[in-house]
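*Asks:* Kindly return the folded structure for what I paste below:
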Amino acid sequence: MRRRQPPALPPVPFSPAAARAHRAGLGLTPEQVAEGMAAHGVRLLPAHVLGWESGELRPTEEEFIALARALWCPPAQLMGVRPARLRDLRVARELNQEGAARRIGIALRQYQLAEATGQWDGDQEQTHALARVLGLTLRELVAVTGRADELDRRLRQGVDGRWQAHVRAIGRIVPVHEDDLATVLTVLQNENQVSSHWGAGSWGSPAPAADPVAPGARPLGERFWELLGRLETELPV
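*Replies:* Coordinates of the predicted model:
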């Protein structure tokens, strides 16, 4: 049975204006840019450089990285937008899929599927490696791996029940030490139990209005990141 190929991604974000500006700033001709790209293993005509700058053509991943090197600029500066997909973040680090998968410690196909679907299913160690390889903060990691909703659900379940039962699952999403997660989840549960107690009020009397800045009144996700940011985690929050 033939294995299905991952769905194709749209082209790498590319700003023709940024490419023109960088070339002009260096005082290079299209011919010189093409020569510089050849030194990085990509051979093409100066017309390709002009085609990219006019918007008529789009560079491939390999061409994009070689162009950034020839123009002596970080690849993200040629994207025109902040990289937000796994693929774009990888290209911004000048990595191909094989190199990224090898550094993270997963099979190439597993990584390809993650890029194609925007969904990540790595374990805690692999998730930590993904953040390190792509230079992500913990919040960026959760967003780019498509796990924000799962994190919110796990936090709510932990606060409403026994948070100890959810530490390992949350650790797969936010790869920090279990002791740090235990500290944060304990505070979250205590705050929300106090908030729920006072919010219930007593029979025959109205419940007091919640303080909009009280910890227990804030969205769980927001408070989770605030508390985690106070700890010394290996990966920045």
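
*Asks:* I'd like to know which helix or strand in the chain has the lowest mean pLDDT.
*Replies:* The helix or strand with the lowest mean pLDDT-type score in the chain, counting by mean pLDDT, DSSP states H and E, is helix 178-200 (a mean of 80).

*Asks:* Next, the residues that contact the following helix or strand past that helix from outside, please.
*Replies:* Scanning the chain past helix 178-200 towards its C-terminal end, the next helix or strand to appear is helix 220-228 (assignment: DSSP states H and E). Among residues not part of helix 220-228, those counted as contacts by Cβ atoms under 8 Å, 6 or more residues apart in numbering are 138-139, 148, 151-152, 155-156, 159, 174, 176, 180, 183-184, 187-188, 191-192, 215, 218, 237. The C-beta positions use only the backbone N, C-alpha and C, and glycine is treated the same way.

*Asks:* Ok, stretch 144-159 next?
*Replies:* If you take Cβ under 8 Å, 6+ apart as the criterion, stretch 144-159 is touched by 84-86, 89, 114, 117-120, 127, 130, 134, 136, 142, 165-167, 169-170, 173-174, 185, 188-189, 192, 220-221, 224.

*Asks:* of these, buried ones?
*Replies:* With neighbours counted by 16 or more other Cβ atoms under 10 Å, the contacts of stretch 144-159 contain buried members at 86, 89, 114, 120, 127, 130, 134, 136, 142, 166-167, 170, 173-174, 185, 188-189, 192, 220-221, 224.

*Asks:* Outside of stretch 100-110 itself, which residues are in contact with it?
*Replies:* Under the criterion Cβ under 8 Å, 6+ apart, residues 6, 90, 93, 95, 97-98, 111-112, 121-122, 125-126, 129-130, 133-134 lie in contact with stretch 100-110.

*Asks:* Look at it and report the distance between its end residues.
*Replies:* In terms of Cα to Cα, to the nearest Å, the two terminal residues of stretch 100-110 are separated by 11 Å.

*Asks:* quick one: average confidence on that stretch?
*Replies:* Mean pLDDT, taken over the full extent of stretch 100-110, equals 96.

*Asks:* do stretch 157-175 as well
*Replies:* When the per-residue pLDDT values of stretch 157-175 are averaged, the result is 93.

*Asks:* so where's this protein uncertain?
*Replies:* Filtered on pLDDT under 70, the chain yields the residue ranges 1-8, 194-217.

*Asks:* switch to 90 and redo it
*Replies:* Judged by pLDDT under 90, the chain has its weakly predicted residues at 1-11, 118, 161-162, 192-219.

*Asks:* what are the ranges of the helices in it?
*Replies:* Secondary structure of the chain (DSSP state H): helices located at 16-26, 30-38, 46-54, 61-70, 86-92, 97-104, 108-117, 124-134, 138-144, 148-160, 167-173, 178-200, 220-228.

*Asks:* And for the nearest residue to Ala169 once chain neighbours are set aside, the neighbour number?
*Replies:* Nearest-residue entry for Ala169: Arg154, 5.5 Å, with adjacent residues in sequence omitted and distances by Cβ to Cβ, 6 or more residues apart in numbering. For Arg154, the number of neighbouring residues by other Cβ atoms under 10 Å comes to 23.

*Asks:* Please report the distance of Arg154 from Ala101.
*Replies:* Arg154 is 27 Å from Ala101, where distance means Cβ to Cβ, to the nearest Å.

*Asks:* same check, this time on Val91
*Replies:* Shown here: Val91 relative to Ala101, a distance of 14 Å by Cβ to Cβ.

*Asks:* From the neighbour counts alone, determine which of the two ranks first.
*Replies:* Comparing Val91 with Ala101 by other Cβ under 10 Å, the one with more neighbours is Val91, at 25 against 21.

*Asks:* Quick check, that one in contact with Phe64.
*Replies:* Yes. Assessed by Cβ atoms under 8 Å, Val91 is found in contact with Phe64 at 6.3 Å.
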